[in-house]
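>>> okay, predicted coordinates and the sequence, questions at the end:
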2 protein chains.
Amino acid sequence: METPAPAALPKYYVLKEQILTLIEDAVPGTLIPTERALAEQYGTSRTTVRQAIGELVSEGRLDRTQGRGTFVAPPKVTHVRQLTSFTDDAASQGMTASARILDVSEVPADPVTARRLAVEPGAVVHRVERIRLVNGEPLAHETAFLAGELPGLAGNVEVRGSLYSALREDYGIRISEVEDTVETKLAGPDEVRLLAVEMGAPMLLVHRLGLDPDGRPVEWTESVFRGDRFRFVARMHV
Amino acid sequence: METPAPAALPKYYVLKEQILTLIEDAVPGTLIPTERALAEQYGTSRTTVRQAIGELVSEGRLDRTQGRGTFVAPPKVTHVRQLTSFTDDAASQGMTASARILDVSEVPADPVTARRLAVEPGAVVHRVERIRLVNGEPLAHETAFLAGELPGLAGNVEVRGSLYSALREDYGIRISEVEDTVETKLAGPDEVRLLAVEMGAPMLLVHRLGLDPDGRPVEWTESVFRGDRFRFVARMHV
DNA sequence: TGGATAAATTGGTTTATACCAATAGTCCGA
DNA sequence: TCGGACTATTGGTATAAACCAATTTATCCA
């Protein structure tokens, strides 16, 4: 043998790029061939087809539903954080943002939360758990912990529609500095249930610590965003 | 049947959590049993074991090498961006940051780069492609495009060891505002080759636009970070 | 005509198997 | 003693097959 090392790209990866060329000009929502059809068409096994499609789903290029089929996905949503709120952001891009409240309660702070909020472990803090939606589609699962006295928080968040609005308008709490941490995470059963993503899909895990003008920690929030639909933007002065 | 719906968690997910309990107290570098051994031990197939291990590798909990075995991975590196440079950041955490320069050249700007840097398409811009390393381990693949006259850039970047230092010290260019965009991406052949990650591993794709004090775009950079080793931190005033 | 039921379709999970490729260890010969 | 070939081990890729689960479509009956 004279030329023994050709390319060695995995077969599923080649197939993935072939499927990409099939869908790059298709309108979102278009149905693609079934896995069994693609396997036969490209002379491969369904396992390999599923691996290729699986990555395209993770990258937000395809959506699939058991019993229905696999479809071309809409493009990513861009979200600009900073001054603007989640709601204003979406509006500026011609989309409607909303939130579904799962829980508003008072709980004893676990050690991690207590340290972040600078309260004693076990001290009572407010807990706000929500699903954030854009155009009716679930985009993130968010759990916020808040220190301090906030009577009637549940009702106020409900009325204002925004946690930040309620803090500012109803309690005079202003957040002037935030620290965001972003890392990757894979979807587990919770995300599958709440955000309609697939097991193992890449997610963006965001932690936010909000400080008031005096530098006191006020808000500690953990958010899990769909990695296939979301883009995180931070603008800052050096 | 009275209770037909028990739990329905995928078998590989249950196994994944079992493996997690095995390794959570182990020192980094510890060798875990072989895939074939785990399959027999837990009464499942090697395919299922590989699916479980694959996610743990994606999450940065395990490292594996063909022919050697699978090992407990070291914890994530935290990186604070903003005022501090990549180099200073690492130093503050007791680690050593370095960069391997792959290419410093002048190229005609492609349409996207030209628009970001506000130059005409095809205008010559500087291109700096590097691998960023922490403690000798590759962490990110970064390609920066710079507008303007920068004679001797290659040598200066080499000497300074930092692109930002060279811009500031050698050309008097200061970046006073940046916009970072963070999203997820799956590792392709390039990342596998340059960053020693697995095909399909989740990565953080970061785009940075740097502006000088007059608001003129100076730097346009695309970075691909290992999602299993990296955490992105942004601190900002509202 | 409307609605319940059955069948077909399509993606989801798991197993078993075979072979490839990289590594580490062993053994043998110069 | 060193160097290289061989072998065993371990992860990497791919196939075929079977069965489950959600959805859609077709069918049949009241």
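Structure's in. What do you need?
>>> show me the contacts for A:A26.
Taking Cβ atoms under 8 Å, 6 or more residues apart in numbering or on different chains, we find A:A26 in contact with A:V72. Any C-beta I mention is one placed from the backbone N, CA and C, and that applies to glycine too.
>>> with A:T78 instead?
In this structure, A:T78 makes contact with A:Q93, A:R231, A:V233, B:T181, judged by Cβ under 8 Å, 6+ apart.
>>> now which of those would you call buried?
A:R231, A:V233, B:T181 (16 or more other Cβ atoms under 10 Å in any protein chain shown).
>>> make sure the last one is indeed in a strand.
Yes: read with DSSP: H, G, I helix; E, B strand; the rest coil, B:T181 is one of the residues of a strand.
>>> distance of it relative to A:V182?
Going from B:T181 to A:V182 by Cβ to Cβ, to the nearest Å gives 11 Å.
>>> overlap of the contact sets of these two?
Here B:T181 and A:V182 have A:F232 as joint contacts, going by Cβ under 8 Å, 6+ apart.
>>> which stretches of chain A aren't confidently modelled?
Residues of chain A meeting the criterion pLDDT under 70: A:1-8, A:82-84.
>>> how about the secondary structure of the residue of it found nearest DNA strand D?
Relative to DNA strand D, the nearest point of chain A is A:G67 (2.3 Å; Cβ to the nearest atom of the strand). Here A:G67 is coil, with the state taken from three-state DSSP.
>>> picking up where we left off before, looking at the contacts of A:T78, spot the one nearest DNA strand C.
Nearest to DNA strand C out of these is A:R231 (Cβ to the nearest atom of the strand; 24.1 Å).
>>> ok, that closest one touching B:T184?
No: with contacts counted by Cβ atoms under 8 Å, A:R231 stays clear of B:T184, the gap being 9.1 Å.
>>> for chain A, what lies in contact range of DNA strand C?
Within chain A, the positions adjacent to DNA strand C are A:8, A:34-36, A:46-47, A:50, A:64-70, A:198-199 by Cβ under 7 Å from any atom of the strand.
>>> of the residues you listed, list those near chain B.
Within the set of the residues of chain A next to DNA strand C, contact with chain B (Cβ under 8 Å from any Cβ of the partner chain) is found for A:M199.
>>> buried only: go through the residues of chain A next to DNA strand C for me.
When the residues of chain A next to DNA strand C are checked for burial by 16+ other Cβ under 10 Å, the buried set is A:E35, A:R50, A:R64, A:T70, A:M199.
>>> all helices for chain A, in order.
Here chain A has its helices, by DSSP state H, at A:11-23, A:35-41, A:46-58, A:86-92, A:111-117, A:153-160, A:163-171, A:189-195.
>>> nearest to A:V134, out of those?
helix A:86-92 (5.6 Å; Cβ to Cβ).
>>> and that closest one, what's buried?
Neighbour-count burial for helix A:86-92 [16+ other Cβ under 10 Å]: A:F86, A:T87, A:D89, A:A90.
>>> so who does the second one touch?
Applying Cβ under 8 Å, 6+ apart to A:T87 gives the contacts A:A97, A:G161, A:S162.
>>> do the same with A:E169
A:E169 sits next to A:R160 when contact means Cβ under 8 Å, 6+ apart.
>>> next one: it relative to chain B, how far apart?
16 Å (Cβ to the nearest Cβ, to the nearest Å).
>>> same thing with A:T44?
Separation of A:T44 from chain B (Cβ to the nearest Cβ) stands at 17 Å.
>>> now swap in A:E129 and tell me
22 Å.
>>> please name the bridge partners of that residue.
For A:E129, the beta-bridge partners under DSSP bridges are A:D103, A:T143.
>>> got the contact list for it?
Per Cβ under 8 Å, 6+ apart, neighbours of A:E129: A:I101, A:L102, A:D103, A:V104, A:H141, A:E142, A:T143, A:A144.
>>> out of those residues, which are buried?
A:V104, A:H141, A:E142, A:T143, A:A144.
>>> which residues does the last one contact?
So the one you mean is A:A144. With Cβ under 8 Å, 6+ apart, A:A144 has these contacts: A:R127, A:V128, A:E129, A:R130, A:L163, A:E219, A:W220, A:T221.
>>> out of those, who's nearest A:A114?
A:W220 (9.4 Å).
>>> now for the closest residue to the closest one other than its chain neighbours, how many residues are close by?
Sequence neighbours aside, A:R116 is the residue nearest to A:W220 in space, at 4.2 Å (criterion: Cβ to Cβ, 6 or more residues apart in numbering or on different chains). By other Cβ atoms under 10 Å in any protein chain shown, 18 other residues sit near A:R116.
>>> near DNA strand D, which residues of chain A?
By Cβ under 7 Å from any atom of the strand, the residues of chain A that approach DNA strand D are A:10-12, A:43-48, A:51, A:65-68.
>>> ok, those residues vs A:N135, which is closest?
Nearest member of the residues of chain A next to DNA strand D to A:N135, counting by Cβ to Cβ, is A:T65, at 18.2 Å.
>>> mind checking how far the closest one is from A:L195?
Taken as Cβ to Cβ, the span from A:T65 to A:L195 is 14 Å.
>>> same question for A:T184.
15 Å.
>>> those two: which is more packed in?
More crowded of A:T184 and A:L195, by other Cβ under 10 Å: A:T184, with 27 against 22.
>>> so the more buried one touches A:L205, yeah?
Yes: applying Cβ under 8 Å as the test, A:T184 and A:L205 come out as touching, 7.0 Å apart.
>>> next up, the contacts around A:R226.
With Cβ under 8 Å, 6+ apart, A:R226 has these contacts: A:P138, A:L139, A:A140, A:L195, A:V197, A:A201, A:M203, A:L204.
>>> quick one: the third one and A:E222 touch, right?
When you say that, I think you mean A:A140. No: the pair A:A140 / A:E222 is not scored as a contact, 10.3 Å apart, by Cβ under 8 Å.
>>> which residues of chain A lie near chain B?
Within reach of chain B by Cβ under 8 Å from any Cβ, chain A has these residues: A:9-10, A:13, A:55, A:58-59, A:76, A:78, A:82-83, A:175-186, A:188-189, A:199-200, A:202-204, A:227-228, A:230-238.
>>> pretty sure A:L209 is touching A:E222, no?
No: contact status for A:L209 versus A:E222: not in contact, 10.5 Å apart, counting by Cβ under 8 Å.
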